[in-house]
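Novice: just the structure for this:
(one chain, ligands or ions: 3)
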Amino acid sequence: MIDIDFERLRCLGLTPALAQRLATHLVPDDGLFELMRLTEVHRETLRLHDGLIERSARALPHVVRELAGRDSALAVGDWVLARADPHAALWVHAQLPPLTHIARRDADGSRHAVVSNVDTALLVMGLDDDFNPRRLERYLALVQGSGVGPVVVLTKADVATPRPDMLAARLAELRERVSNSLDIVAVNATDASAARALAPYLHTGQTVVLLGSSGAGKSTLTNTLAGTPLQDTGAVREHDSRGKHTTTSRSLHRLPGGACVIDTPGLRALRPDVDAATLAWLFDDIGRLALRCRFRDCRHQDEPGCAVRDGVGSDRLRNYHKLLREARRDTMTLLERQQQASVWKARGKATRAWMKVKRGE
Ligand SMILES: Nc1nc2c(ncn2[C@@H]2O[C@H](COP(=O)(O)OP(=O)(O)O)[C@@H](O)[C@H]2O)c(=O)[nH]1
Ligand SMILES: [Mg+2]
Ligand SMILES: [Zn+2]
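Specialist: Ligands and ions are numbered 1, 2, ... in the order given. This next block holds a predicted model:
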C-alpha cells in the first residue's frame, strides 16, 4: 500500500503522469510506503521531502545495485518509495522510473545521473565573459533527448549589456547558432523582474533545473525565484567572470508559486550523454546542407564542393565534430562496460553457488 496525498505532493512536483506511473510500475510488497521526492544526494545519505518536511534517508543496497546495473543512479528530483525501519531510520525501497532524466558522461565514458523528473532546463549563461555559444551548444546537447525542454537564460543583462544595442548584438549572435524555436530570456538575476520573466516555466507542479558554469548566477536566480536567500552566492573573478564554486551539490527547493527549482554547481565535465542520431537532430542545419555536398560521404573537412563548410559557421561545425567524436567514443566504452558487467555477474553467481556448497545447502 502506498500513502499518497496528491494535493500535498503537487507542490513538490507530482503530476498525474507520475502518479499513474506509480500504479503501473511499482508493486511494493507488504507494509506501508510513503512516496517522497529526493532533494539532495550525498555519498552516504539522501534528503527526502514528503511535501511537509525534509528528512535524511539512505537507499537500500539492492536499489543502488539495480540502478548501477542499468548504468544509472538515484538523482535529485527522483520520486521514491520510502519506509522507516523499527529504529526510525528512513530507507528508500524503490525508485519510480523517472519521466525525464538528464545524465552526463565523464572523460572515461562512465555515465553520471544529473537530475530526474524535470520539465525545463534553464541554461544559465552570463552576458559578461561567461558568454560562450559553443558551451551553450554543449548544454543543449546534454539536455537533448532527455525529455527536458531547454530555455536559455542570459543573466547580468543589467551590468554586461547596459545599452539595448549591445544586448541585441549578443542575442543576434546566439540566434545564428541555435534553433528558432528555442526561448531566450535576458534577465537581471538579482531583481524580482527575473521571476516574472521566468513565470511561464514555473506553474504549480513544474520543476526546473538551473544548469550553467559557476558564477553564471544560478544560486542568485534560485534566491530571487524563492523570494528568500536559500542558497549562498559568490563573487566572480574579475578576469574571467568565473565563480568560486560556492554551490557544491545539487538541491531541490520549493517555490512560493508551487513550482520546484533545482540549483546545481557547475558540471565538472560537460560531456553530454548523446548518440550520433541525437546530435544530428540538434545540428539539423548541418544534415540539411550535407544533402548538397558534392560527395555523399563528405566529412565536411577539406573536401571540395562542401555545402556545409560554406553554410555553417566554422566554430559551430568544429563543435559538432568534437561532440560527434566524443559520442562515438562513449558508445564504444559503454559496450565494453556492459561486457565487463556480464563477466562480473557470472563471477558473482559462481561465488554464490560456491558459498552454498560450502554451507552445505
Ligand atoms: N548585477 C548582477 N549580478 C549578478 C547577476 N547574476 C549573478 N550575479 C552575481 O554574480 C555572482 C555569482 O552568482 P552566483 O549566483 O553565486 O553564481 P552560480 O555559481 O551560478 O550560482 C554573485 O556575486 C551575484 O550577485 C545579474 O543578473 N546581475
Ligand atoms: Mg551557485
Ligand atoms: Zn560537406
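Novice: when you work out contacts or count neighbours from here on, use the C-alpha atoms and nothing else.
Specialist: Noted.
Novice: for ligand 2, see how far away Leu14 is.
Specialist: Per Cα to the ion, to the nearest Å, Leu14 is found 26 Å from ligand 2.
Novice: same deal with Arg175?
Specialist: Applying Cα to the ion to Arg175 and ligand 2 gives a distance of 27 Å.
Novice: which SS state does the residue of the stretch 101-250 of the chain found nearest ligand 3 fall under?
Specialist: Going by Cα to the ion, ligand 3 is nearest to Arg177 of the stretch 101-250 of the chain, at 18.2 Å. Put simply, Arg177 is coil when judged by DSSP: H, G, I helix; E, B strand; the rest coil.
Novice: what number of residues lie near Glu44?
Specialist: Counted by other Cα atoms under 10 Å, the residues lying close to Glu44 total 8.
Novice: please report phi then psi for it.
Specialist: Per-residue torsions, Glu44: phi -100, psi -30 (degrees, to the nearest 10).
Novice: which residue, other than its chain neighbours, is closest to it?
Specialist: Arg58 (7.0 Å; Cα to Cα, 6 or more residues apart in numbering).
Novice: Arg55 belongs to a helix, doesn't it?
Specialist: No - when the secondary structure is assigned by three-state DSSP, Arg55 falls in strand instead of a helix.
Novice: that one pairs with what?
Specialist: Counting by DSSP bridges, Arg55 forms beta bridges with Leu48.
Novice: ligand 1 contacts on the protein?
Specialist: 155-159, 187-190, 214-220, 233-236, 243, 245 (Cα under 6 Å from any ligand atom).
Novice: weed out the non-buried ones from those.
Specialist: Among the residues of the chain next to ligand 1, the ones that count as buried by 16 or more other Cα atoms under 10 Å are 155-158, 187-190, 214-220, 233-234, 236, 243, 245.
Novice: so which of those residues sit within helices?
Specialist: 157-158, 218-220 (DSSP state H).
Novice: including pLDDT, could the residues you listed go into CSV?
Specialist: Formatted as CSV, those follow (pLDDT from 0 to 100):
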residue, pLDDT
Ala157, 95
Asp158, 93
Lys218, 96
Ser219, 95
Thr220, 96
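Novice: output the residues you listed as TSV; include the columns distance to ligand 2.
Specialist: Shown next, in TSV, are these (distance: Cα to the ion, whole Å):
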residue	distance to ligand 2
Ala157	18
Asp158	19
Lys218	5
Ser219	4
Thr220	7
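Novice: list the residues that contact the residue of the stretch 251-361 of the chain at minimum distance from ligand 1.
Specialist: The stretch 251-361 of the chain approaches ligand 1 most closely through Pro265 (6.4 Å), counting by Cα to the nearest ligand atom. By Cα atoms under 8 Å, 6 or more residues apart in numbering, Pro265 lies in contact with 211-214, 245-250.
Novice: including pLDDT, could these go into a markdown table?
Specialist: Converted to a markdown table, those look like this (pLDDT from 0 to 100):
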| residue | pLDDT |
| --- | --- |
| Leu211 | 97 |
| Gly212 | 95 |
| Ser213 | 93 |
| Ser214 | 90 |
| His245 | 70 |
| Thr246 | 77 |
| Thr247 | 83 |
| Thr248 | 85 |
| Ser249 | 91 |
| Arg250 | 94 |
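Novice: many thanks, I have nothing further to ask.
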